[in-house]
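*Asks:* coordinates only, sequence not included:
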């Protein structure tokens, strides 16, 4: 997918001014946070399970080559095929080849972020195939020719009025005067529109939440049931998964599943957790005749062993963005590529380069809520800091930032000078700001005061107050 | 693609700063794969069996599924007919081609049309048998095969599941143990479907709607069969019905 990450600042500005988007984004804050908190409260072992889940993934990553080879053997033993793809391009070519081999015309898809990452739909459509997204949120954004704005709720940036307008526009064979203002009516209409498409499809494509080395199984976690219809009704089932999805045993997958839904939607367990192994057996009455797994690297092997390895533990629950004040303010599209929010701020520079995505790790207040809620205990703020360091080393930071930091470093290395200067500055600011208690304009700080007032200091520096307190002076 | 395979495995090994795992490491990894160990199992999933049945029912109801408890499997056809009537649904069911379900007294319900096989459009109601019930989260485990078509779980709008009390376990790990017993170590059927409530979506303004693409209604016929107090590995603890470890979070 083409990124607009370099335009993050403009994207964010536009998002903040978009009243409809701001209305839709309220649903993120009001929905996800409370539900996750409640689910966590109900399971006393929740935080211990997070530790166990982290340890399982760390063990797997330390032996990733071994587990992938064993996984491949088991897929083959159950009659499936594994296709290794080093790049997005290889993955797209392999998928198109599988479709062509069965002379496919219609392809249905369950929700898959990897498919967004490799821009699969455009590729298949360009080759003349009809691609139908079946997850409700994905279906809506496909009609709108948009990309997901959230990794588990692709259409969270839209209001129901917008969706109603889209359905009326695209479903133009249905009676114009039908009632369609309530979510229940919209869901029923999408169900009706997609039903025949499942049956028409020649190939069904899904992602995978996990791959199991013990059994050669791929797992999808869904709520709508669209993924299961997608992968059961057509002749061919293709799974697209990135390398780090593998875990050793069913028990390992189970431990992580116990924290996944609770962290994502606050459900105890998602409605459908499906374990697929190979194609239908000769005696089976239904299921696909072919089962293919595309194993995608696309930069992951380079993250392994680097300071970004912890990011490979991510299970794509979305908790980090659900709790992120920056995501709450600007939504997912502002981030400009597939993965938004804190996990995107770390992953995107790894996958498309820090030159392209350098703004993203800077779009954080380092409040730490993302790390506090991450079920896999990924140190997201620390890794965003790593990216900022790399950006600085590579001279990609703006001139003003570099100059400011250099000036600060000059004084920080000369404490006497620093204290004297700060003492004068605080007294001045206190004197000038006494009446208002705040500044709405300051020399050299326009970047700050343009968006919010700068509070006037009381007149003493932290160091001075500290010294007074140590002496038992007035500050105590 | 075999060159990509070598390329990727090579890149992974360079990143891990080693070639293959050592013989000793490999032995340990093989052992871990061959002998799966349960991780941390929440106390909620370790209650005595009698309590698991109640927990299963409680969790199902919370998920917006409906539950009827029966004393005997022979009551199933009557319960199915009653349910369809109560919900104002057509008196037709698509039945999983499973011996024990087929043997039920369906002929006592002359108004009920029963056909067998995988689901087709426009079947309205499926009747299937579960492989296991997992009380921890009210989850039904379905294992596909000639007697259990996958489409029955997803295509019709209404899904009625027959679950015997003896099939209810506390935690997922116990269900895996039973699955391995049935299909063999390291082997799986084409699909194992864990079903936790009816189909749902929150994709429109985060308001939960049922029946997105899968069944709108999930109805469980839970049979309190006689063996149910002895069949589960769960009940084989000294605490019995006194309820040790029942400090789960449910009110």
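*Replies:* Cool, the structure landed. Just so we're clear, the structure is a prediction, and the values are computed from it rather than from any experiment.
*Asks:* let's verify residue A:84: helix, strand, or coil?
*Replies:* For residue A:84, the assignment made with DSSP: H, G, I helix; E, B strand; the rest coil gives strand.
*Asks:* same check on residue B:115?
*Replies:* Assignment for residue B:115 (three-state DSSP): strand.
*Asks:* verify the stated contact: it with residue B:97.
*Replies:* No. Here residue B:115 does not reach residue B:97: they are 10.0 Å apart, not a contact under Cβ atoms under 8 Å. Bear in mind the C-beta positions are built from the backbone N, C-alpha and C, glycine included.
*Asks:* among those two, which residue is more densely surrounded?
*Replies:* residue B:97 (18 against 11; other Cβ atoms under 10 Å in any protein chain shown).
*Asks:* which residues does residue 217 bridge with?
*Replies:* All of this refers to chain A. Taking DSSP bridges, one obtains residue A:212 as the residues bridged to residue A:217.
*Asks:* wait, I meant chain B there
*Replies:* Going by DSSP bridges, residue B:217 is paired in beta bridges with residue B:158.
*Asks:* quick one: name the residues of the stretch 51-200 of chain B near chain A.
*Replies:* Taking Cβ under 8 Å from any Cβ of the partner chain, the part of the stretch 51-200 of chain B that reaches chain A is made up of B:59, B:63, B:97, B:117-118, B:121, B:137-139, B:144-146, B:149-151, B:153-155, B:172-173, B:176, B:186-200.
*Asks:* again, only using 7 Å
*Replies:* B:117-118, B:121, B:137, B:139, B:144-146, B:149-151, B:154-155, B:172-173, B:176, B:186-188, B:190-197, B:199-200 (Cβ under 7 Å from any Cβ of the partner chain).
*Asks:* how much space separates the residue of the stretch 101-250 of chain B found nearest chain A from residue B:128?
*Replies:* The minimum distance from the stretch 101-250 of chain B to chain A, using Cβ to the nearest Cβ, falls at residue B:214 (2.3 Å). The gap separating residue B:214 from residue B:128 is 13 Å, by Cβ to Cβ, to the nearest Å.
*Asks:* neighbour-wise, which of those two wins?
*Replies:* A count of neighbours by other Cβ under 10 Å puts residue B:214 above the other of residue B:214 and residue B:128, at 28 against 25.
*Asks:* low-confidence regions, the chain specifically.
*Replies:* In the absence of a named chain, chain A is used. By pLDDT under 70, the low-scoring segments of chain A are A:473-476.
*Asks:* meant chain B actually
*Replies:* Short version for chain B, where the test is pLDDT under 70: B:1, B:226-251.
*Asks:* helices of that one, residue ranges please.
*Replies:* Assigned by DSSP state H, chain B shows helices spanning B:2-16, B:23-34, B:49-62, B:76-86, B:99-102, B:172-183.
*Asks:* ok, which of those comes nearest residue A:278?
*Replies:* Shortest distance between residue A:278 and the helices of chain B, using Cβ to Cβ, is found for helix B:172-183: 12.0 Å.
*Asks:* and the stretch 101-250 of chain A, which residues reach chain B?
*Replies:* A:134, A:136-137, A:153, A:155, A:159-160, A:163, A:183-184, A:186-187, A:191, A:194-195, A:199, A:213-215, A:217, A:223-226, A:228-229, A:232, A:248-250.
*Asks:* which of the residues you listed fall within helices?
*Replies:* Checked against DSSP H, these include these in helices: A:136-137, A:160, A:163, A:183-184, A:186-187, A:191, A:194-195, A:199, A:226, A:228-229, A:232, A:250.
*Asks:* OK, contacts around the residue in the stretch 151-300 of chain A that chain B sits nearest to?
*Replies:* Relative to chain B, the nearest point of the stretch 151-300 of chain A is residue A:225 (2.3 Å; Cβ to the nearest Cβ). Contacts for residue A:225 were tallied using Cβ atoms under 7 Å, 6 or more residues apart in numbering or on different chains; they are A:272, B:154, B:199, B:212, B:213, B:214.
*Asks:* roughly how far apart are residue A:366 and residue B:87?
*Replies:* Counting by Cβ to Cβ, the gap from residue A:366 to residue B:87 is 53 Å.
*Asks:* again, but for residue A:170
*Replies:* The value you get for residue A:170 to residue B:87, if Cβ to Cβ is used, is 32 Å.
*Asks:* among the ones in helices among the residues of the stretch 101-250 of chain A next to chain B, name the buried ones.
*Replies:* Using 16 or more other Cβ atoms under 10 Å in any protein chain shown as the burial test, these include A:136-137, A:160, A:163, A:183, A:186-187, A:191, A:194, A:226, A:228-229, A:232, A:250 as buried.
*Asks:* just give the nearest non-adjacent residue to residue B:131, would you?
*Replies:* residue B:143 (4.1 Å; Cβ to Cβ, 6 or more residues apart in numbering or on different chains).
*Asks:* make sure that neighbour is actually in contact with residue B:193.
*Replies:* No. Between residue B:143 and residue B:193 there is no contact under Cβ atoms under 7 Å: 8.1 Å.
*Asks:* more neighbours: the two, which one.
*Replies:* residue B:193 (26 against 22).
*Asks:* before we move on, which element is residue A:39 in?
*Replies:* helix A:19-42 (DSSP states H and E).
*Asks:* domain assignment for chain A?
*Replies:* As given by automatic domain parsing, the domain ranges for chain A are A:1-33+A:321-397, A:43-301, A:399-470.
*Asks:* what about the first one, distance to the chain center?
*Replies:* In terms of Cα atoms, centre = their mean, to the nearest Å, the centre of domain A:1-33+A:321-397 is found 9 Å from the chain centre.
*Asks:* how long is it end to end?
*Replies:* Domain A:1-33+A:321-397 has an end-to-end distance of 25 Å (criterion: Cα to Cα, to the nearest Å).
*Asks:* do that domain and chain B meet?
*Replies:* Yes. Domain A:1-33+A:321-397 reaches chain B (Cβ under 7 Å from any Cβ) through A:27, A:31.
*Asks:* identify the farthest-apart pair in the buried ones among the ones in helices among the residues of the stretch 101-250 of chain A next to chain B.
*Replies:* The farthest-apart pair in these, when distances are taken by Cβ to Cβ, is A:160 and A:250, at 39.4 Å.
*Asks:* for the most centrally placed residue in chain A, give me its contacts.
*Replies:* Against the mean C-alpha coordinate of chain A, by Cα atoms, centre = their mean, the closest residue is residue A:339 at 4.1 Å. Going by Cβ under 7 Å, 6+ apart, residue A:339 touches A:151, A:347, A:348.
*Asks:* how about residue A:264?
*Replies:* A:152, A:317, A:318, A:319.
*Asks:* separation between the closest residue to the residue of the stretch 151-300 of chain A closest to chain B other than its chain neighbours and residue B:131?
*Replies:* Take residue A:225 and drop its neighbours on the chain: the residue closest to it by Cβ to Cβ, 6+ apart is residue B:214, 2.3 Å away. Using Cβ to Cβ, one obtains 18 Å as the distance from residue B:214 to residue B:131.
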